[in-house]
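[1] A predicted structure for the sequence below; I have some questions about it.
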Amino acid sequence: MSASINPTVRRRRLGAELRRLRETLGMTAEEVAGRLMVSQSKISRLENGRRSISQRDVRDLCDVYNVDDERVRAGLMEMAKESRQRGWWHEFSDIPYSVYIGLEAEASSIRAYESSFVPGLLQTQEYAEAVVLGTQPDTDATAVRRRVEVRLKRQSRINGENQLGSLWAVIDEAVLRREVGSKVVMRGQLRQLLELSERPNINLQVIPFSHGAHPGMTGTFSLLEFPESADSTVVYFEGVTSDLYLEKDADVRRYTGLYDHLRAAALSVAESRSLIAKIAEGYQP
């Protein structure tokens, strides 16, 4: 699928435009829901891009918002049509974080902080398998294989044609010290981190144990930015049963500042590479 037609991003962009139209009229979501005889939660989900938007939904909302310009209506209807297309990740309906994958596929820049394991975009196949098996012990072999397949396919963002403009990853030293899979698996994973960190668009920093307490100890998160100014930055948190997405300016500013603190707490890129290489040598089979 072309990066210009990403259903997840289209749905999110359309929702933002519908919210703008509502707010311009000074209407509340509750008032709109009453006019259309639907639940307020449906209107909220449509505006947040968490629910598929049909062309009928768009038509009805345009009527409520007095959108008479046929070009504007046609543009919104086309976005609704594109938002209902299926990205490659929809083949894996059992993967719980499909919304994130859709956003990741379109992002121009990702800043990630991880405290427990290597970020998914940087994982080797062997490490990914060990992570899935270790974190989801009740998952059967078929499901493990599918999850690993998705993780490796996501890596087209760093290995394919539609490459990320920038990936900045800050990890805790615990990520390097925790033996996931085996010593052989860890040695291969750390060597791959060293290779990938040589790329100009990938920066990797490690927060050493010696730093002590730091803001990232409260949990991992990612910041995703997009090439179109109409698409706001997203703060993403992965959960066990559900994920959380923050898009309000105040939340984005808070976590942007938090990420700056994490980068400041971490070793420099060069120092981080030296630490990774040293720890990799310790994983002798």
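    Okay, I see it. Residues are numbered from 1 along each chain as shown.

[2] what sits against the spatially most central residue of the chain?
    The centroid of the chain falls nearest to Tyr100 when counting by C-alpha atoms, centre = their mean (4.2 Å). Each residue near Tyr100 by C-beta atoms under 8 Å, 6 or more residues apart in numbering is listed here: Tyr236, Glu238, Asp243. From N, CA and C alone the C-beta is placed, and that goes for glycine too.

[3] What's the local residue count around the second one?
    For Glu238, the count of nearby residues is 15 (other C-beta atoms under 10 Å).

[4] so can I have a markdown table of the contacts of Tyr100 showing pLDDT, secondary structure and distance to Gln284?
    Formatted as a markdown table, the contacts of Tyr100 follow (pLDDT from 0 to 100; DSSP: H, G, I helix; E, B strand; the rest coil; distance: C-beta to C-beta, whole Å):
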| residue | pLDDT | secondary structure | distance to Gln284 |
| --- | --- | --- | --- |
| Tyr236 | 88 | strand | 36 |
| Glu238 | 81 | coil | 33 |
| Asp243 | 72 | coil | 38 |
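
[5] one step back: average model confidence for the helix or strand hosting the residue nearest to the centre of the chain?
    Taking DSSP states H and E as the criterion, Tyr100 maps to helix 98-106. Averaged across helix 98-106, pLDDT comes to 79.

[6] Quick check: next helix or strand after it?
    As assigned by DSSP H and E, the chain's next helix or strand after helix 98-106 is strand 109-114.

[7] Sheet partners, orientation included, of that next one?
    Strand pairing for strand 109-114, using DSSP bridges, gives strand 166-172 (parallel), strand 221-225 (antiparallel).

[8] contacts for the longest one?
    Contacts to strand 166-172, defined as C-beta under 8 Å, 6+ apart, come from residues 108-116, 118-119, 121-122, 157-158, 201-207, 216, 259, 262-263, 266.

[9] Please flag which of those residues sit within strands.
    Cross-referencing the contacts of strand 166-172 against strands under DSSP state E gives Ser109, Ile110, Arg111, Ala112, Tyr113, Glu114, Ile202, Asn203, Leu204, Gln205, Val206, Ile207.

[10] Now render those residues as a markdown table, adding distance to Thr220.
    Shown next, in a markdown table, are the ones in strands among the contacts of strand 166-172 (distance: C-beta to C-beta, whole Å):
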| residue | distance to Thr220 |
| --- | --- |
| Ser109 | 18 |
| Ile110 | 13 |
| Arg111 | 12 |
| Ala112 | 8 |
| Tyr113 | 5 |
| Glu114 | 5 |
| Ile202 | 18 |
| Asn203 | 17 |
| Leu204 | 15 |
| Gln205 | 14 |
| Val206 | 14 |
| Ile207 | 12 |
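
[11] follow-up on the earlier one: comparing the strands paired with strand 109-114, which comes out most buried?
    By mean neighbour count, with neighbours taken as mean count of other C-beta atoms under 10 Å, strand 166-172 ranks first of the strands paired with strand 109-114 at a mean of 23.

[12] how far does it sit from the chain's center?
    On the basis of C-alpha atoms, centre = their mean, to the nearest Å, strand 166-172 sits 13 Å off its chain's mean C-alpha point.

[13] For the helix or strand just after that strand, which outside residues touch it?
    With elements assigned by DSSP H and E, the helix or strand that comes after strand 166-172 is helix 173-177. Helix 173-177 is contacted from outside by 114-118, 190, 206-209, 275-276, 279, using C-beta under 8 Å, 6+ apart.

[14] Emit the ChimeraX select command for whichever of the residues you listed are buried.
    Paste this into ChimeraX to select the buried members of the contacts of helix 173-177, with burial taken from 16 or more other C-beta atoms under 10 Å:
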select :114,115,117,118,190,206,207,208,275,276,279
